[in-house]
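J.: coords please:
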Amino acid sequence: MNDSSDNESLRAGANLPAVAIFDLDGTLVVGRTTVLLVKFLREAGIVSRAFLVGTGLWFLGYKLGLVKVSERSREKGAGVFKGLSEAEVDELMARFTDEVLESRFHPAATSALAEHLAEGDHVVVVSAALEPVVKMLCRRLGVDEFVGTPCEVVDGRYTGGLTGPSPHADEKVRLAAAFMSRWGADPSDCWAYADHGTDEAVLRSVGHPVAVNPRPGLLKAAQQAGWPILR
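T.: Residues are numbered from 1 along each chain as shown. Model prediction:
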C-alpha cells in the first residue's frame, strides 16, 4: 500500500537533476542485512555457530533497547570477512544478493530508485551496512554512488577491521550534505528515503523527504510533517 498517490506524485515539482539519497536496511531491503548476512555466511561455512548466536542475541538486545550501535559493534560485524580475499568476498556478496536480498527488495522503494535513475537524478545509497554488501546491492540496482561501513583490506585480504566511521546518524547527514554540495544541488530539490528515526535529520535536510515503511518514531514524525509514506 502506498500512502501517497503514486511514485509520480512524489516527484511533482522537482527541479532536475537532483540528488536522491536512499537508506538500505528497512528501506531498499526489508530486514537487517547484518543478521541476514551472518545467517548466509553460517550456511556457507564461513562463520561459526557461536558468531551467529552472538549476532542474534546482540540484535535482540538492540531491539529491546538494551544495547546501542557503536563503532566497536560494527567492527565486530566486519569480522565476518576476516581472512577472506577481495575476490572471495565479491563472489559471496553476489550470491548473497541473488539468494537472499533480491527477494527482500522493497517494491515501492526500489521502484522510486529506478524512477530517479531514469529521470537522470544523482542516486546515492548511504548505509551503515558493511561496504561489500552495499557495493553488490548497488551494482544490482544500477547505482554507481554509495557509502557503506568501510572494511579494511590489506594485501588483498580483509582484516576484520574498519578504516573509518560508519555512515550513521550525524555522519550520514554530513555525507548527504557533501553529495548535494558536490553536484551543486539545491537541498530543496533533493530527496531522501529512510525507515528509521535515526535518519530523521537526513530527511529534514532535503526538500522531499519520504518515509519508507517507517518505524513508530519516524511514522509519527512523518505524519506530523505531512511527508509521503511508502509502505
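J.: Which strands and helices lie in contact with the longest strand along the chain?
T.: Looking across the chain with DSSP state E, the single longest strand is strand 122-130. Applying 3 or more CB pairs under 8 Å, 6 or more residues apart in numbering; DSSP states H and E, one finds that strand 122-130 contacts strand 19-22, helix 33-43, helix 71-78, helix 107-118, helix 131-141, strand 145-149, helix 170-182. Heads up, the C-betas are built off the backbone N, CA and C, glycines and all.
J.: Could you provide the ones you listed in a markdown table, with additional columns for mean pLDDT, distance to Leu203 and mean neighbour count?
T.: Below are these laid out as a markdown table (pLDDT from 0 to 100; distance: least, CB to CB, whole Å; neighbours: other CB atoms under 10 Å):
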| stretch | mean pLDDT | distance to Leu203 | mean neighbour count |
| --- | --- | --- | --- |
| strand 19-22 | 98 | 9 | 27 |
| helix 33-43 | 91 | 20 | 19 |
| helix 71-78 | 70 | 22 | 17 |
| helix 107-118 | 97 | 14 | 18 |
| helix 131-141 | 98 | 19 | 22 |
| strand 145-149 | 97 | 17 | 21 |
| helix 170-182 | 96 | 10 | 16 |
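J.: quick revisit: what angle do the longest strand of the chain and strand 145-149 make?
T.: With axes from the mean of the first three to the mean of the last three CA atoms, to 10 degrees as the basis, strand 122-130 and strand 145-149 are set at 10 degrees to each other.
J.: what separates strand 122-130 from the chain centre, distance-wise?
T.: Remark: strand 122-130 is offset 5 Å from the chain centroid, using CA atoms, centre = their mean, to the nearest Å.
J.: That strand pairs with which strands, and in what direction?
T.: Strand 122-130 pairs in its sheet with strand 19-22 (parallel), strand 145-149 (parallel), by DSSP bridges.
J.: What residues does the closest residue to Val47 other than its chain neighbours make contact with?
T.: With CB to CB, 6 or more residues apart in numbering as the criterion, Val47 has its nearest non-adjacent residue at 4.7 Å, and that residue is Leu41. Contact partners of Leu41, counting by CB atoms under 8 Å, 6 or more residues apart in numbering, are Val47, Val80, Leu92.
J.: how close does Leu41 get to Ala222?
T.: Leu41 sits 34 Å away from Ala222, taking CB to CB, to the nearest Å as the criterion.
J.: sorry, back to before: quick one: the longest strand of the chain to helix 33-43, angle?
T.: Using the same axes, to 10 degrees: strand 122-130 against helix 33-43 is 60 degrees.
J.: so for strand 122-130, what's the average pLDDT?
T.: For strand 122-130, mean pLDDT is 96.
J.: What is the neighbour count of Ser103?
T.: Using other CB atoms under 10 Å, Ser103 has 9 other residues around it.
J.: how about it, secondary structure?
T.: Three-state assignment for Ser103 (DSSP: H, G, I helix; E, B strand; the rest coil): helix.
J.: Relative to Glu145, how far out is it?
T.: From Ser103 to Glu145 the distance is 25 Å (CB to CB).
J.: can you check Glu200 too?
T.: 22 Å.
J.: Same check on Leu117?
T.: 11 Å.
J.: Tell me the residues that contact both of the two, please.
T.: Contacts common to Leu117 and Glu145, judged by CB under 8 Å, 6+ apart, are Val123.
J.: Give the residue farthest from the middle of the chain.
T.: No residue in the chain sits farther from the centre than Asp155, which is 27.6 Å out by CA atoms, centre = their mean.
J.: Would you quantify the distance from it to Leu92?
T.: 19 Å.
J.: Now the phi/psi pair for Ala194, please.
T.: phi -160, psi 170 (degrees, to the nearest 10).
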